[in-house]
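Visitor: what's the 3D shape of this:
(chains A and B)
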Amino acid sequence: MSTIAETAPRGQTRRRMRVDGWRWAGRIFLVFMLLYTALPMIWMLITSIKSGFAAMQFPPQWWPDEPTLASYQKLLDPQNSVGQDFLRFFWNSLYVSTVTTILSVIVAVPAAYAFSRFTFPGRNFLFFAVLLRNMFPAVIFLVPLFILMRALGLVNTHGSLILTYLTFGLPLAIWLLKGFYDNIPVQLEQAARIDGATRFQAFILIVMPLSTPGIIATAIYSFIGAWNEYIYAYTFLSKNEQLTLPVGIQRFFSENTTDFPGLMAASFMMSVPVVVLFLVLQRYFVRALTEGAVKH
Amino acid sequence: MAHVVLKDLVKTYGGFKAVNNVSLTVNDGEFVALVGPSGCGKTTTLNLVAGLIPITSGDIVIGDRVVNDLDPKDRDIAMVFQNYALYPQKSVYKNLAFPLQMRKLPRDEIDKKVREAARVLDMTQLLERKPRELSGGQQQRVALGRALVRDPAVFLMDEPLSNLDAKLRVQMRSEIKRFHQDLKATIIYVTHDQLEAVTMADRMAVMNGGYLQQYDSPAQVFAHPVNMFVASFIGSPAMSLIPLEASTANGNTVLTSAEGWSLELSQRNARKVQKATTRKVVLGARHSTIKLHKSAVPGAIPAKAYTVEPTGDVTFVQAFLSGAIVNISVSPNIAVKPDEQIWLEFDQERMHLFDGETEMALEAS
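Guide: Model (predicted):
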């Protein structure tokens, strides 16, 4: 008896120490990852409040001697040409991303629902075709899509970007949403239809509210994709007044003298909508991506 | 309330016939159970009646209307699902109110009906809860409430009790039965549990392989199964089915086992056997109709006890005869040990005889 009583706690401590070792290794790793992702952003933020001279100094000023919001003022001031350009790019990006997002949801929701609920000829083929697109890098389609857009007369219009972003964003949006609909028991709709709803009403009144997290996740995904896209916007648009933010910022600052605080301030403001959107809706996003991982 | 008629109902998926020429009538106020093993077509039949899947051919009549092409919402039915299908985002109150809202009833009338249903089902204090905050039994009751709040012509129930634990299932079984008696409701109830069907239904429709096997009162189905499938499916433990060979010598009809023993049949049973298309005859006997002796008795067949299962008020003994499992129930004060030599005496009045080829019951007429 006494030997058991003695050995048991010792075994426990040894096990606890081993677990702690792993846990610390994990923590150190996480801290490293956090620094790795956060430091560039912090540096971006710090540089954006420096003066142009301070930004070029070496060794660098870790914290600016004279923090200034001048860059932000310049970018947001519609009176000067820099501010006019920046605000126009911002508006263009917002417009393209929002329209892409709305159209993406409008198309993805019924498409995903159909893939999930109906059997129709070519269903599997279509679904895999949708996924197949995702296996190729986007650049492959650059030239063919450019030729197509030219044939359609869409070059130098925002429509070309919206169409392109939809072709790239929709497959994953549909796939994501389909998983969501698969998880909603079909009996709920059947119950609603027996309770007096038409098939469409059952979808709108019962299924749609339940799939809100999926729809929100899809929307965020489409928005971020469109907001950040560079190469297609760079190829399809050449008129200055049409540019979206990623291309606009790059072009604008390579034409002028390299104004690093201005560039960083613009980059920071470009990340704001995405970060805000993500923070506000992140619980839906996480729920959508993990939905179906475990059986309820 | 209304009666329901199924006429030559057929449902095929590709080449597969899920429901095969099923015809049956459910009278007004009758509780009918569709019972059978999984994949027998009972749930498909129910979904056809509900209108959730289109029929291939045949007719469905609810009340005086042919409803073949009507939407589920226009059939005046209510359905209780196996997983309850409560709307997860709605409170109990809103779950109950939903069918009434869809029918555009005035708000005060909805409120009155919802509260009345909640009172009947004893869940007034649960009205503001969400379905996930309820126990399985409470969810079941809400599902029932959502069906009855609308006062439909027919209630359809798809294995409503199979997600409950054993104790709750027995309790809800009597509640549903009581519900039927009080409302005089027409109910079509799908279950794979023959005990539920036997205990609750006025009539039961036994299905297998998409075919309706037998449609009669539980007592009739139990006492006069039309074929070997029904005989083995209804009753627990299952009826023992022993394959034997019939022969006639000196005017007596005898069933002989490949194991060498034989059983002389009564006059009435002999007449049944003469109707068989072959000499292969299957003897069916329920556990309670076989008498177990611990010593040799004239007419009794020797066997060896295989397993002994005491349940408290009866003890079930299993033995093998002609390669078939034979279940016998004995009083618990008869001590039988596994591998002990026993003698089995069959009750000639209560035994069943089946044609070994067609598997149909042999009747004396």
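
Visitor: going by C-alpha atoms from here, please, whenever you check contacts or count neighbours.
Guide: Noted.

Visitor: which residues in the chain form helices?
Guide: Just going to use chain A. A:2-48, A:52-56, A:70-76, A:81-117, A:123-132, A:142-151, A:158-182, A:186-194, A:199-202, A:208-210, A:212-228, A:231-236, A:245-255, A:260-290 (DSSP state H).

Visitor: wait, chain B
Guide: Secondary structure of chain B (DSSP H): helices at B:42-50, B:92-102, B:107-120, B:136-148, B:166-183, B:194-200, B:218-223, B:228-233, B:267-274.

Visitor: now tabulate the ones you listed in TSV and tack on mean pLDDT, mean neighbour count and distance to chain A.
Guide: Formatted as TSV, the helices of chain B follow (pLDDT from 0 to 100; neighbours: other CA atoms under 10 Å in any protein chain shown; distance: least, CA to the nearest CA, whole Å):
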stretch	mean pLDDT	mean neighbour count	distance to chain A
helix B:42-50	95	24	7
helix B:92-102	94	23	4
helix B:107-120	92	16	14
helix B:136-148	90	23	8
helix B:166-183	88	14	19
helix B:194-200	92	19	23
helix B:218-223	94	18	29
helix B:228-233	95	21	28
helix B:267-274	90	18	48
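
Visitor: closest one to residue A:73 among those?
Guide: helix B:92-102 (52.6 Å; CA to CA).

Visitor: which one, of the helices of chain A, ends up nearest to residue B:196?
Guide: Residue B:196 lies closest, by CA to CA, to one member of the helices of chain A: helix A:186-194, at 22.5 Å.

Visitor: CA atoms only: put the closest one into CSV for me.
Guide: Provided in CSV are the C-alpha atoms of helix A:186-194 (Å, rounded to 0.1, in the frame of the first residue of the first chain):
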residue,chain,number,x,y,z
VAL,A,186,-33.2,18.6,-44.4
GLN,A,187,-36.0,17.8,-42.0
LEU,A,188,-36.1,21.4,-40.9
GLU,A,189,-37.1,22.4,-44.4
GLN,A,190,-39.5,19.5,-44.7
ALA,A,191,-41.1,20.5,-41.4
ALA,A,192,-41.5,24.1,-42.6
ARG,A,193,-43.0,23.0,-45.8
ILE,A,194,-45.5,20.8,-43.9
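
Visitor: next, count neighbours for residue 86.
Guide: In the absence of a named chain, chain A is used. 23 (other CA atoms under 10 Å in any protein chain shown).

Visitor: ah, no, chain B please
Guide: Using other CA under 10 Å, the number of residues around residue B:86 comes to 25.

Visitor: contact partners for it?
Guide: A:188, B:95, B:131, B:139, B:142-143 (CA atoms under 8 Å, 6 or more residues apart in numbering or on different chains).

Visitor: just give the nearest non-adjacent residue to the spatially most central residue of chain A, would you?
Guide: In chain A, the centroid-proximal residue (CA atoms, centre = their mean) is residue A:224; its distance is 3.2 Å. Excluding the flanking residues, the one nearest residue A:224 by CA to CA, 6 or more residues apart in numbering or on different chains is residue A:274, at 6.4 Å.

Visitor: separation between the one you found and residue B:325?
Guide: Using CA to CA, to the nearest Å, residue A:274 is found at 70 Å from residue B:325.

Visitor: model confidence for the residue lying farthest from the centre of chain B, exactly?
Guide: For chain B, the largest distance from the centre (CA atoms, centre = their mean) belongs to residue B:250, which lies 43.0 Å off. Confidence at residue B:250, expressed as pLDDT, is 81.

Visitor: show me what the closest residue to residue B:25 other than its chain neighbours bridges to in the sheet.
Guide: The spatially closest residue to residue B:25, leaving aside those adjacent along the chain, is residue B:5, at 4.4 Å (CA to CA, 6+ apart). Residues in a beta bridge with residue B:5, per DSSP bridges, are residue B:25, residue B:61.

Visitor: can you count the residues close to residue B:5?
Guide: 21.

Visitor: wait, what's in contact with it?
Guide: Neighbours of residue B:5 in contact, by CA under 8 Å, 6+ apart: B:23-26, B:59-62.

Visitor: which members of those residues are classed as buried?
Guide: B:23-24, B:26, B:59-62 (16 or more other CA atoms under 10 Å in any protein chain shown).

Visitor: number of residues surrounding the closest residue to residue A:191 other than its chain neighbours?
Guide: Spatial nearest neighbour of residue A:191, excluding adjacent residues (CA to CA, 6+ apart): residue B:85 at 6.5 Å. Residue B:85 has 21 neighbouring residues, counting by other CA under 10 Å.

Visitor: can you report phi and psi for residue B:85?
Guide: Note on residue B:85: its backbone torsions stand at phi 50, psi 40 [degrees, to the nearest 10].

Visitor: quick one: name the residues of the stretch 51-200 of chain A near chain B.
Guide: Neighbours of chain B within the stretch 51-200 of chain A, by CA under 8 Å from any CA of the partner chain: A:185, A:187-188, A:190-198.

Visitor: show the buried residues in those residues.
Guide: In those, the ones that pass as buried (16+ other CA under 10 Å) are A:187-188, A:190-198.

Visitor: any chance of these in JSON lines, with distance to residue B:12 too?
Guide: Below are those laid out as JSON lines (distance: CA to CA, whole Å):
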{"residue": "A:187", "distance to residue B:12": "21"}
{"residue": "A:188", "distance to residue B:12": "24"}
{"residue": "A:190", "distance to residue B:12": "20"}
{"residue": "A:191", "distance to residue B:12": "23"}
{"residue": "A:192", "distance to residue B:12": "25"}
{"residue": "A:193", "distance to residue B:12": "23"}
{"residue": "A:194", "distance to residue B:12": "23"}
{"residue": "A:195", "distance to residue B:12": "26"}
{"residue": "A:196", "distance to residue B:12": "27"}
{"residue": "A:197", "distance to residue B:12": "26"}
{"residue": "A:198", "distance to residue B:12": "25"}
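
Visitor: show the contacting residues for residue B:233.
Guide: Counting by CA under 8 Å, 6+ apart, residue B:233 has contacts B:36, B:194, B:239.

Visitor: so what's residue B:303 bridging to?
Guide: Under the criterion used (DSSP bridges), residue B:303 bridges to residue B:342.

Visitor: doesn't residue B:320 make contact with it?
Guide: Yes - with contact defined as CA atoms under 8 Å, residue B:303 reaches residue B:320; the gap is 7.0 Å.

Visitor: those two: which is more packed in?
Guide: residue B:303 (19 against 15).

Visitor: which one of the helices of chain A lies closest to residue B:219?
Guide: So among these, helix A:186-194 is nearest, using CA to CA, at 33.1 Å.
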